[in-house]
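Colleague: Got a predicted model here, sequence first, then my questions.
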Amino acid sequence: MFERILLPTDGTDSMDAVVETAADIAGRRDATVYVLYVVDDRAFLTLQEEMKTDVLEELTGEGEAATDRAATRLRDAGIAVETAIGQGDPADEILAYAEEIDADLITMGTRRGDYANNLMGSVSQKVVARASAPVLTTNLAAEE
């Protein structure tokens with residue numbers, strides 16, 4: 001149980017709590033943590049091709065920095081780590097990657113807010129509702 005743990009990250013400092021949780025579980029289970037960053041390309045699909053390429057390169061660079069940061073912390077704790085960058089709808093990409101790696105657990109952050117802010121549903125809510133693996137969510141501190 002819990003040999004392959006998926007850790008989706010958005011690269012924010014508040015993800016530290018989720019990384020700590022994944023490290024704790026992985027360390028107890030001798031598990032591998034798969035760190036995933038998803039470039040949400042839905043907002044700029046209508047951009048001209050050159051602009052789209054520039055935006056994708058920038059966001060992919062941010063994703064590499066985010067996964068490297070989490071992976072370094074995990075490796076420093078003695079945890080085996082794999083990293084990946086996805087592109088598309090974050091919830092769909094997280095769920096597809098979880099299936100691809102046959103994840104035993106998905107551990108991710110969630111931001112609690114008022115009803116109006118969550119009217120369309122958060123990524124974590126969609127993953128919890130649709131994942132075949134258990135999902136452990138950690139409430140992230142509000143970023144200021």
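Modeller: Structure received.
Colleague: Tell me how far the closest residue to residue 40 other than its chain neighbours lies from residue 96.
Modeller: Residue nearest to residue 40 in three dimensions, not counting chain neighbours: residue 90, with 5.4 Å by Cβ to Cβ, 6 or more residues apart in numbering. Using the backbone N, CA and C atoms, a C-beta is placed for each residue, glycine as well. Using Cβ to Cβ, to the nearest Å, residue 90 is found at 11 Å from residue 96.
Colleague: just residue 78 next, same as before
Modeller: For residue 78 relative to residue 96 (Cβ to Cβ), the value is 29 Å.
Colleague: which one of the two has more residues nearby?
Modeller: Of the pair residue 78 and residue 96, residue 96 is the one with more neighbours under other Cβ atoms under 10 Å, namely 14 against 10.
Colleague: ok, residue 1 - contacts?
Modeller: Each residue near residue 1 by Cβ atoms under 8 Å, 6 or more residues apart in numbering is listed here: 29, 104.
Colleague: how much space is there between it and residue 83?
Modeller: Remark: distance between residue 1 and residue 83 (Cβ to Cβ) = 23 Å.
Colleague: Then residue 123?
Modeller: From residue 123 across to residue 83, the span is 19 Å (Cβ to Cβ).
Colleague: Pull out the buried residues from the top helix by length along the chain.
Modeller: Ordering each helix of the chain by length in residues (DSSP state H) puts helix 49-76 first. Neighbour counts over helix 49-76 (16 or more other Cβ atoms under 10 Å) mark 59, 63, 66, 67, 69, 70, 71, 73, 74 as buried.
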